[in-house]
Every structure is written in C-alpha cells, then in structure tokens.
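Peer 1: kindly generate the corresponding structure for this input.
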Amino acid sequence: MRKLEEHIAHLTRTLDELSDVVARQEKEIETLSRRVQMLLEREARRQDEGSGGVFIADERPPHW
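Peer 2: Numbering: from 1, shown residues only. You can find the predicted model right below:
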C-alpha cells in the first residue's frame, strides 16, 4: 500500500510540473503569435506603401 501511495505522490508531482510547463508554453505561444501577427501587418503596410525594402540592382536607396 505504501508503495502505491509513493507512486501516486510521484505521479501527482510530475503532473503538476507538466501542467506548469504547458501553462508557460501557452503564454509563450500567445506572445509569439501576437508578434508574428504584428510583423505580418507591418509587412502588409510596407507593401501597400510601396516600400517593401527590395531594391532593384540599378536603383539607389533613398538615403543616397
């Protein structure tokens, strides 16, 4: 009986640790998703404004 109780305690601790890991990963995924969305929106605005940052070989950048 004692061995089962120890095993259950170990499994409970492991489950709690895994739950914490999943919670941290969820927050990190949400943060990264927001950042990716912001980057996509920023790139879409650049393309709409015509300043996609790509220069043709014989075109000088605006700061020259």
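Peer 1: so where's the chain shaky on pLDDT?
Peer 2: For the chain, the stretches with pLDDT under 70 are 51-62, 64.
Peer 1: one more time with 50
Peer 2: Of all residues in the chain, none has pLDDT under 50.
Peer 1: grab the most central residue of it for me.
Peer 2: Taking C-alpha atoms, centre = their mean, the centroid of the chain lies closest to Leu32, which sits 2.3 Å from it.
Peer 1: where does it fall, secondary structure wise?
Peer 2: Element membership of Leu32, judged by DSSP states H and E, is helix 2-49.
Peer 1: counting contacts, what elements does that helix pack onto?
Peer 2: Applying 3 or more C-beta pairs under 8 Å, 6 or more residues apart in numbering; DSSP states H and E, we find helix 2-49 packed against no helix or strand. Every C-beta, even on glycine, is put in place using the N, C-alpha and C of the backbone.
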